[in-house]
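**Q** Fold the following for me, if possible:
(one chain, ligands or ions: 2)
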Amino acid sequence: MAMHGKDQAGQIGVIGLGAMGHGVAKSLLRAGFRVGAYDVRVEALTAFEAEGGKAYTAPTALAEACDVLIIQVVNAEQTEQVLFGEQGAVEALKPGSLVISCATVAPAFIEGLEARLRKHDIWLLDAPMSGGAAKAASGEMTLMTSGPEDAYIRAEKVLPAMAGKVYRLGTKVGVGTRVKIVNQHLAGIHIAAAAEAMALGLREGADPVTLYEVITNSAGNSWMFENRVPHILAGDYTPLSAVDIFVKDLGLALDTARRTKFPLPLAATAHQMFLNASAAGHGREDDSAVIKIFPGITLPSSDGGEKA
Ligand SMILES: NC(=O)C1=CN([C@@H]2O[C@H](COP(=O)(O)OP(=O)(O)OC[C@H]3O[C@@H](n4cnc5c(N)ncnc54)[C@H](O)[C@@H]3O)[C@@H](O)[C@H]2O)C=CC1
Ligand SMILES: O=C(O)C(=O)[C@@H](O)CO
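**A** Ligands and ions are numbered 1, 2, ... in the order given. Alright, predicted model coming up:
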């Protein structure tokens, strides 16, 4: 099997050129890899070609041209679709190829996926991501990986080009996903808490920009408060990570805990907040739009004014 690297000819495949996938594909190009991609959104493929990548019209066509395939769609259903659905990549991947699965999914799904791919002599690396779209684009995100040595051998040159921190968490697929679910438990609760705190501040008449400045220099700060509140201040809910991602991910945390009858009271409350925002029509907006569930406050608007 060809080993990929700056000086070698192998092409890396990326399926899913969204908030995270586009950044990863660009990071791989920057590192000197040839990168091919497939996405259902033609405009994403056109933009990627303009950046130096190669666009494919189906997962099979891309899979034929790669030994390493990175999957960065949203969830388990989409991962299933691109691998085993119509014109799915598994039909065309060569024996000995590697799939790097980056979507945040349930542990049972990723473990079952490994067994199914092994039947086709395909290796799987469990590799969910963290750090947001900006860090994906700069190649500085975090990868929480696990899998067998054979998978790591095939991923050796690719992983450092994708991420600033690559955690190798064990030889079993599923460990990376479980660690990511713990991250999502915290990430979801922290975004919900940041939104609730800003809503309280607005209700009490605080100047939101000053409040942000004070909190980010005080003990109540969090990575998510610092990262997401600027979207609220700008009144810009263009999704870098959508409300529905946290409907999914806090759902995964709750489902995982429920299997062992383990209580997650904070996650349950935060999940209800994201469900509320999604049901109100904000599911595809940035996850900071969870603040829109609070009544009786006026949010900053994108034109610099305020929006009730
Ligand atoms: N956005 C973020 O800040 C982060 C997201 N994640 C996780 O990464 C994964 C991807 O998230 P995002 O990039 O935010 O999602 P996104 O919605 O921005 O991107 C997903 C991409 O997959 C494409 N897609 C969907 N179905 C497809 C199919 N059948 N075939 C080909 N392409 C398909 C979409 O067109 C889209 O371009 C999710 O599991 C998410 O939970 C992890 C860390 C951070
Ligand atoms: O970066 C992460 O970790 C995240 O999951 C969030 O940014 C939102 O998906």
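
**Q** The residue in the stretch 151-300 of the chain that ligand 2 sits nearest to: what's it in contact with?
**A** Closest residue of the stretch 151-300 of the chain to ligand 2, CB to the nearest ligand atom: Ser241 (3.5 Å). C-beta here means a position set from N, CA and C on the backbone, and glycine is covered the same way. Residues in contact with Ser241 (CB atoms under 8 Å, 6 or more residues apart in numbering) are Ala19, Gly132, Ala133, Asp286, Asp287.

**Q** rerun that using 6 Å as the cut-off
**A** Contact analysis of Ser241 by CB atoms under 6 Å, 6 or more residues apart in numbering lists Asp287.

**Q** per-residue confidence at it?
**A** Ser241 is assigned a pLDDT of 96 by the prediction.

**Q** Would you point out which residue of the stretch 51-200 of the chain is nearest ligand 2?
**A** For the stretch 51-200 of the chain, CB to the nearest ligand atom, closest residue to ligand 2: Ser130, 3.2 Å.

**Q** Hmm, that residue is touching Glu140, no?
**A** No: Ser130 is beyond contact range of Glu140, at 10.9 Å (criterion: CB atoms under 6 Å).

**Q** circling back: distance of the residue of the stretch 151-300 of the chain closest to ligand 2 from Ala193?
**A** 16 Å (CB to CB, to the nearest Å).

**Q** now do Ala277
**A** From Ala277 to Ala193 the distance is 14 Å (CB to CB).

**Q** Between those two, tell me which one has more neighbours.
**A** Per other CB atoms under 10 Å, whichever of Ala277 and Ala193 has more neighbours is Ala277, with 25 against 18.

**Q** and the more buried one, what does it touch?
**A** Contacts of Ala277 (CB under 6 Å, 6+ apart): Val243, Ala289, Val290, Ile293.

**Q** ok, and the closest non-adjacent residue to the residue of the stretch 51-200 of the chain closest to ligand 2?
**A** Thr142 (4.5 Å; CB to CB, 6 or more residues apart in numbering).

**Q** go on, Leu264?
**A** Ala257 (4.8 Å).

**Q** Is there a neighbour count for that neighbour? I'd like the number.
**A** Going by other CB under 10 Å, the residues that sit close to Ala257 add up to 16.

**Q** Just the element for it, please.
**A** Using DSSP states H and E, the element containing Ala257 is helix 243-258.

**Q** can you give me how far that helix is from the chain middle?
**A** In this view, helix 243-258 has its centroid 13 Å away from the chain centroid, taken as CA atoms, centre = their mean, to the nearest Å.

**Q** next helix or strand past that helix?
**A** Next element after helix 243-258 (DSSP H and E): helix 265-277.

**Q** who in this structure is up against ligand 1?
**A** 15-21, 38-41, 44, 72-75, 78, 81-82, 103-104, 129-130, 132-133, 240-241, 245, 249 (CB under 6 Å from any ligand atom).

**Q** dump the residue contacts of Asp286.
**A** His231, Tyr237, Pro239, Leu240.

**Q** and these as JSON lines, adding secondary structure and neighbour count?
**A** Supplementary listing: these in JSON lines, determined by DSSP: H, G, I helix; E, B strand; the rest coil; neighbours: other CB atoms under 10 Å:
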{"residue": "His231", "secondary structure": "helix", "neighbour count": "20"}
{"residue": "Tyr237", "secondary structure": "coil", "neighbour count": "21"}
{"residue": "Pro239", "secondary structure": "coil", "neighbour count": "20"}
{"residue": "Leu240", "secondary structure": "coil", "neighbour count": "19"}
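
**Q** Kindly confirm my reading that Leu125 is in a strand.
**A** Yes: under DSSP: H, G, I helix; E, B strand; the rest coil, Leu125 falls within a strand.

**Q** Quick check: it vs Tyr152, distance?
**A** 7 Å.

**Q** if you count what's nearby, which of these two comes out ahead?
**A** Leu125 (27 against 18).

**Q** So in terms of bridging, what pairs with the more buried one?
**A** Counting by DSSP bridges, Leu125 forms beta bridges with Ile100.
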